[in-house]
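**Q** Requesting a structural model of the entry that follows:
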Amino acid sequence: MAVSVKLDPNRQTVETGTPVALFPTRVGSSGEVTADGQRFLVLTPTEEASIAPITVILNWSSDRKK
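**A** Coordinates of the predicted model:
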C-alpha cells in the first residue's frame, strides 16, 4: 500500500491521503522492501501444492543380493 503524506510548513501536523494498493497480493503473502524503498520482494504461492507421498526404505542394504 502507498499513501501520500503532507507536512504543514511548521511541521506541527501531518495529513495523509487515501491508501492505494501498489500491486495485488494474497492474504498471507510475506515480503521485504529494499533500503531505498524502490523494490519489493513478495513471496506469493502460485498454485496449491500437491505433495506426493514419500516412501522411505529402511535397512535396504540387507535386501541386496550378495
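**Q** Backbone dihedrals for the residue nearest the centre of the chain, both of them.
**A** Here the mean C-alpha position of the chain is nearest to the C-alpha of residue 30 (CA atoms, centre = their mean), at a distance of 2.4 Å. Dihedral pair for residue 30: phi -130, psi 160, per degrees, to the nearest 10.
**Q** Show me where the chain has its strands.
**A** Using DSSP state E, the strands of the chain run over residues 5-7, 14-16, 30-33, 40-43.
**Q** helices and strands around the last one, which ones?
**A** Under the contact criterion of 3 or more CB pairs under 8 Å, 6 or more residues apart in numbering; DSSP states H and E, strand 40-43 touches strand 30-33. (C-beta placed from N, C-alpha, C; glycine too.)
**Q** Relative to the whole chain's centre, how far out is the strand it packs on?
**A** On the basis of CA atoms, centre = their mean, to the nearest Å, strand 30-33 is displaced by 5 Å from the centre of the chain it belongs to.
**Q** ok, and what's touching that strand?
**A** Strand 30-33 is touched from outside by 25, 39-43, with contacts defined as CB atoms under 8 Å, 6 or more residues apart in numbering.
**Q** Highest neighbour count among those residues?
**A** The most neighbours of any of the contacts of strand 30-33, using other CB atoms under 10 Å, belong to residue 25, which has 15 neighbours.
**Q** list the contacts for that residue?
**A** Contacts for residue 25 (CB under 8 Å, 6+ apart) come out as 31, 42, 44.
**Q** from memory the last one sits against residue 27, does it?
**A** Pointing back at residue 44 there. No - counting by CB atoms under 8 Å, no contact exists between residue 44 and residue 27, whose distance comes to 10.3 Å.
**Q** These two: who's more crowded?
**A** Between residue 44 and residue 27, counted using other CB under 10 Å, the more crowded position is residue 44 (11 against 4).
**Q** how much space between the more buried one and residue 53?
**A** Noted for residue 44: a distance of 26 Å to residue 53, by CB to CB, to the nearest Å.
**Q** could you dump the strands of the chain to TSV with mean pLDDT?
**A** Rendered in TSV, the data for those read as follows (pLDDT from 0 to 100):
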stretch	mean pLDDT
strand 5-7	91
strand 14-16	92
strand 30-33	84
strand 40-43	83
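**Q** Having no further points to raise, I will conclude here.
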